[in-house]
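Trainee: 3D, please:
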Amino acid sequence: MSQEIFAVLMIAALLWPLVLVLRQPLMTALTARGEVRFPLDSLWATAPLPALLLALLGADGSLSLSAWLLGGVWVLDEPRRVLLAFTALLWLLSGWYARGYLAGERDRANAGNGAAASRLARFALLWPLTLSGNLLLLVAEDIASFYLGFAVMTFAAYGLVIHSGTRDALIGGRAYLIMAVLGEGLILGGLLWSVGALGTLTLSGLREGLGNLEHGVWIGVLLWLGFGVKAGVAGLHIWLPLAHPVAPTPASAVLSGAMIKAGLVGWMATLPLGESAASAFADLGRAMLVVGLVGAIGAALLGVCQRHPKAVLAYSSVSQLGMLAALVGTGLLAPAMWPALAPAVVLFAAHHGLTKGVLFLGVGIGEHPPRLPAWLLALLLTLPALSLAGVLGSGLATKWAFKAALYEGDHSALVTWLSLAAVGTTLLMARTLWCQWQGEGQARRDGLVPLAAPMPLAWLLLVVSALTLPLWLPALGLAPAWPPREELFGLWWPVLLGVALALLVGWLTRGRPLRMAGRRLPAGDLWWPLSRGLSRLWVATGPWLVRLAAAKTAWVAWWVALEEAGISALDALGERETWLRRHAAVLMMLVAVGLALALLFSTA
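Mentor: Just a heads-up that it's a prediction; the model follows:
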């Protein structure tokens, strides 16, 4: 592929979503003139198509634009191509799915419901805008473009989270926005510190030079935590189980499948993984490993206590990203292992992105099932869950990829911990399917959706894409290996144990959600005690803050009064000076006469 064609594809991939963003106000203007149009049309759904073509057809290359920000550098290499391919594919099929999912909103808008029309217009505007940020951060090599894409994606997605405008949606949006601002502050601080210290404007320069900085570890901590907000690091994860259940299902799919991978991309782009000079980062790698395992196992325990399937899937994302964080931490702890771990991490990200997208879209399919036999629908809902648990398809290939790399690097203990986390994944998948099965009967009584409708068609295509990922991924340069037969039991025993525990717990609880200390754990776990604690702190400190504000007001008023008095005195002096200038000649004459008289009389 020539450089010219590569440049055209790259620019089209980043520009086409923005063109569709600008198209939306024009459609709104037409609607205001009486021509009602559904903003989520077929053209709108093509926003990620140029990016998908770039990933599938584009060769490795780079595009430099000196007039862009501080000098734009956009790169496509093997890891980026894989990440771009599954991200664009998930956005493409989720966007098509959204056309059917929001058809009810269209009907209400056509019936004259202004609120529904406003929600549709906002969704149609923010969807491609969020996508544009997601795509930019994946291909950006210069720091300015990377941060711009990350920030645009983060803040535009807020409108998708609060789409319904309900109380729960606003709470989820508030948690999302608070944590997003915290994460952006940490990221910006780390990037500005490293740019100032290293004098580089590219991610590769940052990554290669960070290990040699005197305070490089502290920059690494800022970047780990900042990107960790997006990746759901334990303790910073509280927005995920609050935002996922309230967002529209297609938004939940891209939020969990694609956007939270931006945290992983940030770690891989900025931390000195595989750099021999990064021995000082061993403690940071150890911390990432421990916190990642805590998130992987702890999120599973919290997730099985949830009622809503999307909340269960949100905790599953926290658990899976905890496993990825543990692998990245291992890469910092043992830099020599990173070349073997990096392909496994990229494969894990692609597998989780597509499979989790399928599972989220499957929640909507369970609520609005297509015209399929019940057994076939149940099978299609179960297969992605089995893949995420590591039984078959890309899940099996992914487990073998990182297990082989860890065994080769003599990290068998980490394999055991990750296997225990896989038991938790199995429990979460069982809980998700159980919650969906409970609501499916009512959905079937409400009517079936034609198989060729946007929702079922997009979901089925994504199911096929996720399950066949190991077959088409080699075309992008990443060929996963299948485990030998003698290793299958070692990969399957966590799933078998998880299924046995799920059946046992289901029999003991009669399908009711688990409780901890006799209480049902709401989605968001730490958010609620933190919010209550801050509310009580506000109530307790409110009177003191009022007094402090009053004292501040009095202090400011005193200084203002003092300033006004000083200005008045200066004005008076100015008036006297003017009078003196006006009568200076007369005064000088009087002084001269007085001196002459004094001399005369003193002589006499």
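Trainee: How is this structure partitioned into domains?
Mentor: 3-525, 548-603 (automatic domain parsing).
Trainee: all strands for the chain, in order.
Mentor: With DSSP state E as the criterion, the chain has strands at 61-65, 72-76.
Trainee: what are the ranges of the helices in the stretch 451-600 of the chain?
Mentor: Along the stretch 451-600 of the chain, the segments classed as helices by DSSP state H, counting those that start in this stretch run 454-467, 469-472, 488-509, 527-582, 584-603.
Trainee: For these, give me JSON lines that also has distance to residue 38.
Mentor: The C-beta positions use only the backbone N, C-alpha and C, and glycine is treated the same way. Converted to JSON lines, the helices of the stretch 451-600 of the chain look like this (distance: least, Cβ to Cβ, whole Å):
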{"stretch": "helix 454-467", "distance to residue 38": "11"}
{"stretch": "helix 469-472", "distance to residue 38": "32"}
{"stretch": "helix 488-509", "distance to residue 38": "42"}
{"stretch": "helix 527-582", "distance to residue 38": "36"}
{"stretch": "helix 584-603", "distance to residue 38": "84"}
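Trainee: Could you dump those into JSON lines and include distance to residue 151 and mean pLDDT?
Mentor: Shown next, in JSON lines, are the helices of the stretch 451-600 of the chain (distance: least, Cβ to Cβ, whole Å; pLDDT from 0 to 100):
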{"stretch": "helix 454-467", "distance to residue 151": "28", "mean pLDDT": "94"}
{"stretch": "helix 469-472", "distance to residue 151": "30", "mean pLDDT": "90"}
{"stretch": "helix 488-509", "distance to residue 151": "38", "mean pLDDT": "88"}
{"stretch": "helix 527-582", "distance to residue 151": "23", "mean pLDDT": "80"}
{"stretch": "helix 584-603", "distance to residue 151": "65", "mean pLDDT": "76"}
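Trainee: and residue 399, which of these is closest to it?
Mentor: Among these, helix 488-509 comes nearest to residue 399, with 5.2 Å by Cβ to Cβ.
Trainee: contacts for that closest one?
Mentor: Residues outside helix 488-509 that contact it (Cβ atoms under 8 Å, 6 or more residues apart in numbering) are 304, 386, 389-391, 396, 399-400, 403, 419-420, 422-427, 430-431, 434, 483, 514.
Trainee: what about 7 Å?
Mentor: Outside helix 488-509, the residues within contact range by Cβ atoms under 7 Å, 6 or more residues apart in numbering are 389-391, 396, 399-400, 419, 422-423, 426-427, 430, 483, 514.
Trainee: Keeping just the C-alphas, turn it into PDB.
Mentor: Provided in PDB are the C-alpha atoms of helix 488-509 (Å, rounded to 0.1, in the frame of the first residue of the first chain):
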ATOM      1  CA  LEU A 488      -6.800 -28.700  28.400                       C
ATOM      2  CA  PHE A 489      -7.700 -29.900  31.900                       C
ATOM      3  CA  GLY A 490      -5.400 -27.300  33.400                       C
ATOM      4  CA  LEU A 491      -7.300 -24.600  31.400                       C
ATOM      5  CA  TRP A 492     -10.800 -26.100  32.100                       C
ATOM      6  CA  TRP A 493     -10.700 -27.000  35.800                       C
ATOM      7  CA  PRO A 494     -11.500 -23.400  36.900                       C
ATOM      8  CA  VAL A 495     -14.600 -23.400  34.800                       C
ATOM      9  CA  LEU A 496     -15.600 -26.800  36.000                       C
ATOM     10  CA  LEU A 497     -15.100 -25.700  39.600                       C
ATOM     11  CA  GLY A 498     -17.000 -22.500  38.900                       C
ATOM     12  CA  VAL A 499     -20.000 -24.300  37.400                       C
ATOM     13  CA  ALA A 500     -20.100 -26.700  40.400                       C
ATOM     14  CA  LEU A 501     -20.000 -23.700  42.800                       C
ATOM     15  CA  ALA A 502     -22.700 -21.900  40.800                       C
ATOM     16  CA  LEU A 503     -25.000 -24.900  41.000                       C
ATOM     17  CA  LEU A 504     -24.300 -25.400  44.700                       C
ATOM     18  CA  VAL A 505     -24.900 -21.700  45.500                       C
ATOM     19  CA  GLY A 506     -28.000 -21.600  43.300                       C
ATOM     20  CA  TRP A 507     -29.500 -24.600  45.100                       C
ATOM     21  CA  LEU A 508     -28.700 -23.200  48.600                       C
ATOM     22  CA  THR A 509     -30.100 -19.700  47.800                       C
END
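Trainee: can you give me the offset of that helix from its chain's centre?
Mentor: 31 Å (Cα atoms, centre = their mean, to the nearest Å).
Trainee: mind listing what's buried in it?
Mentor: By neighbour count on 16 or more other Cβ atoms under 10 Å, the buried set for helix 488-509 is 491, 492, 494, 495, 497, 498, 499, 501, 502.
Trainee: what separates the fourth one from residue 484, distance-wise?
Mentor: By that I understand residue 495. Going from residue 495 to residue 484 by Cβ to Cβ, to the nearest Å gives 18 Å.
Trainee: Flag every buried residue along stretch 276-295.
Mentor: So for stretch 276-295, counting by 16+ other Cβ under 10 Å, buried means 278, 280, 281, 284, 285, 288, 289, 291, 292, 293, 294, 295.
Trainee: so what's the fourth one up against?
Mentor: In this case it means residue 284. 217, 220, 221, 224, 332.
Trainee: these two touch, right, the first one and residue 280?
Mentor: Yes: checked against Cβ atoms under 7 Å, the pair residue 217 and residue 280 is within contact range at 5.5 Å.
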